[in-house]
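> model this:
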Amino acid sequence: MKLLIKLQLILSVTVALASAGRLENTYLPPISAGSASGSSILAAQSRQFPGLASSALQIPILKLENNNDGDGTYRFSFETANNIVQQESGQLKSADSSAVRGSYSYTGPDGQTYTVNYVADENGFRPEGAHLPTPPPVPEAIVKSLQENAADEARGVVDDGQYRSSGQVAVNRQNGGFPPSSQYLPPKHAGYKR
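Alright, predicted model coming up:
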């Protein structure tokens with residue numbers, strides 16, 4: 001009987017192993033799995049698979065310059081076959097501040113070439129381009145006020161926002177224009193009588 005149980009156990013294990021098929025390695029992780037954020041926007045493709053070609057048109061780089069002097073200054077520029085051009089130069093102004101100047105241009109869907117010149121420094125990123133929106137004009141009342149302030153400052157009248165007692169006593173309109181009394185005085189009339 002013990003032999004029959006052993007034989008049955010060996011047979012069932014053999015059948016189980018034979019019927020359990022081999023797992024194929026058909027799972028391929030997403031291309032973005034190589035980046036920490038999981039985003040494929042900036043992640044480079046980690047591997048190329050045979051027979052897999054990119055559907056995006058590959059644009060050749062016609063010119064590329066990249067100079068880093070090692071002292072905090074650098075220059076780079078490139079130009080592509082589809083008329084994208086960029087150049088930039090920068091320098092280290094202090095241990096925690098740098099100044100960058102550059103420009104880039106590209107051909108828009110309408111066939112027009114768009115150019116942006118920019119400066120980036122301690123005052124922020126400041127782009128300039130004919131196609132970029134501009135702020136609305138300053139209202140005339142504000143311009144007039146600024147001109148009056150400048151004229152006052154030229155005459156020596158400066159308001160720094162601090163309170164100054166000028167020695168003038170304000171008129172108390174509740175008392176008929178009389179200064180406030182420092183003592184209580186009964187009314188001069190007896191009031192309403194019936």
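> low-confidence ranges in the protein?
20-55, 166-181, 187, 189-194 (pLDDT under 70).
> quick check, residue 153 in a helix?
Yes: assessed by DSSP: H, G, I helix; E, B strand; the rest coil, residue 153 belongs to a helix.
> burial of it, as a residue count?
11 (other C-beta atoms under 10 Å). In this view, the C-beta of every residue, glycine as well, is placed from N, C-alpha and C.
> Residue 56 versus that one, what's the distance?
Residue 153 is 60 Å from residue 56, where distance means C-beta to C-beta, to the nearest Å.
> where along the chain do the strands fall?
Along the chain, the stretches classed as strands by DSSP state E are 61-68, 74-80, 85-94, 97-107, 113-121, 124-128.
> isn't residue 86 right next to residue 116, touching?
No: Residue 86 is beyond contact range of residue 116, at 9.5 Å (criterion: C-beta atoms under 8 Å).
> Could you tell me which residues touch both of the two?
Residues touching both residue 86 and residue 116 by C-beta atoms under 8 Å, 6 or more residues apart in numbering: 103-105.
> which one of the residues you listed sits closest to residue 1?
The closest of the shared contacts of residue 86 and residue 116 to residue 1 turns out to be residue 104 (C-beta to C-beta; 87.3 Å).
> can you pull the contacts of that closest one?
Neighbouring residues of residue 104 by C-beta under 8 Å, 6+ apart: 84-87, 115-116.
> ok, and for the longest helix seen in the chain, which residues are buried?
Longest among the helix segments of the chain by residue count, using DSSP state H, is helix 2-19. In terms of neighbour count (16 or more other C-beta atoms under 10 Å), helix 2-19 has no buried residues at all.
> follow-up on the earlier one: what would the shared contacts of residue 86 and residue 116 look like in TSV with distance to residue 139?
Below are the shared contacts of residue 86 and residue 116 laid out as TSV (distance: C-beta to C-beta, whole Å):
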residue	distance to residue 139
103	33
104	34
105	35
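> Residue 115 and residue 103 touch, don't they?
Yes: shown here, residue 115 and residue 103 form a contact pair, counting by C-beta under 8 Å, at 6.3 Å.
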